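Trainee: Below are the sequence and a predicted model; questions follow.
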Amino acid sequence: VARASVVVQASSSRSHNDSEGDGVCFKRYRRNVGLCVVNSSGLVFAAQRSDSGCNSWQMPQGGIDDGEDVEAAALRELAEETSMTSARVVGSLDRWLTYDFPTSVKAKLHGGWEQYEGQAQKWLLVHFHGSDDEVDLDTEHKEFKEWCWMPLEELPGAVVAFKRPVYEQVAAEFVPRIKELQRTGALSAHVAAPVARGDA
């Protein structure tokens with residue numbers, strides 16, 4: 001049975017090179033960034049993986065390169081996976097969330113991935129202020145086959161089971177933050193200036 005745990009130690013969005021820090025052993029867990037991309041209507045981007053036959057939905061995520069800043073990694077991964085570039089970071093979790101790979105998933109890993117028990121994720125809240133026409137999944141290394149906008153509250157029930165505890169934590173933290181950004185008008189399609197964000 002896969003498990004997911006919450007690492008409660010606070011951390012910044014600085015780059016990470018250490019093999020162990022913030023309570024997570026990065027020799028066992030691959031450094032990863034998760035992106036909760038919210039549009040001006042308060043809905044979040046969800047997609048179906050191109051390498052999966054199931055009907056689950058997930059948010060974009062990707063590895064953090066050695067020496068790479070977390071926010072830089074997030075915006076790079078977003079562009080690589082969805083072609084979105086009209087985006088700005090408006091919030092983040094102050095802790096790493098981890099999940100273990102199920103046995104069935106780990107058996108298929110290769111290219112160095114097999115050394116990891118799972119992934120340690122730093123989650124960012126990202127405002128997409130562009131047009132839907134900007135989204136193009138036919139990227140160089142196609143990650144997704146379908147996409148949609150949905151309420152963040154629905155995603156924990158739509159993601160694969162081994163990621164669900166992480167998504168529940170992300171939703172618990174970011175749903176109130178999204179509502180506050182909507183209330184203040186910070187998610188307006190015409191607002192692209194930095195906002196005071198802190199940690200959500």
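Mentor: Thanks, I have it. Numbers count the residues shown, from 1 in each chain.

Trainee: any idea which helix is longest in this structure?
Mentor: Counting residues, the longest helix in the chain under DSSP state H turns out to be helix 164-184.

Trainee: Show me which parts of it are buried, residue by residue.
Mentor: Within helix 164-184, the residues scored as buried using 16 or more other Cβ atoms under 10 Å are 164-171, 173-175, 177-178, 181. C-betas here are computed from N, CA, C, even on glycine.

Trainee: likewise stretch 84-98?
Mentor: In stretch 84-98, counting by 16+ other Cβ under 10 Å, buried: 84, 87-98.

Trainee: So which of those belong to strands?
Mentor: Among the buried residues of stretch 84-98, the members falling in strands (DSSP state E) are 87, 88, 89, 90, 91, 92, 97, 98.

Trainee: now for these, which pair is the farthest apart?
Mentor: Farthest-apart pair in those is 88 and 98; separation 26.6 Å (Cβ to Cβ).

Trainee: and the residue nearest to the spatial centre of the chain, what are its bridge partners?
Mentor: For the chain, the residue nearest the mean C-alpha position is residue 34 (1.7 Å; Cα atoms, centre = their mean). In this entry, residue 34 is beta-bridged to residue 61, residue 123, by DSSP bridges.

Trainee: got the contact list for residue 133?
Mentor: Residues near residue 133 by Cβ atoms under 8 Å, 6 or more residues apart in numbering: none.

Trainee: and it, that one's in a helix?
Mentor: Yes: Residue 133: assigned to a helix according to DSSP: H, G, I helix; E, B strand; the rest coil.

Trainee: Let's see the pLDDT reported for it.
Mentor: pLDDT for residue 133: 97.

Trainee: hang on, the earlier thing: mind giving me the packing neighbours of the longest helix of the chain?
Mentor: Under the contact criterion of 3 or more Cβ pairs under 8 Å, 6 or more residues apart in numbering; DSSP states H and E, helix 164-184 touches strand 4-6, strand 29-38, strand 87-92, strand 97-100, strand 118-128.

Trainee: and which of the buried residues of helix 164-184 is nearest residue 187?
Mentor: residue 181 (4.9 Å).

Trainee: what sits against the spatially closest residue to the closest one that is not a sequence neighbour?
Mentor: Nearest residue to residue 181 in three dimensions, chain neighbours excluded: residue 187, at 4.9 Å (Cβ to Cβ, 6 or more residues apart in numbering). By Cβ under 8 Å, 6+ apart, the contact set of residue 187 is 38, 39, 40, 41, 42, 127, 178, 181.
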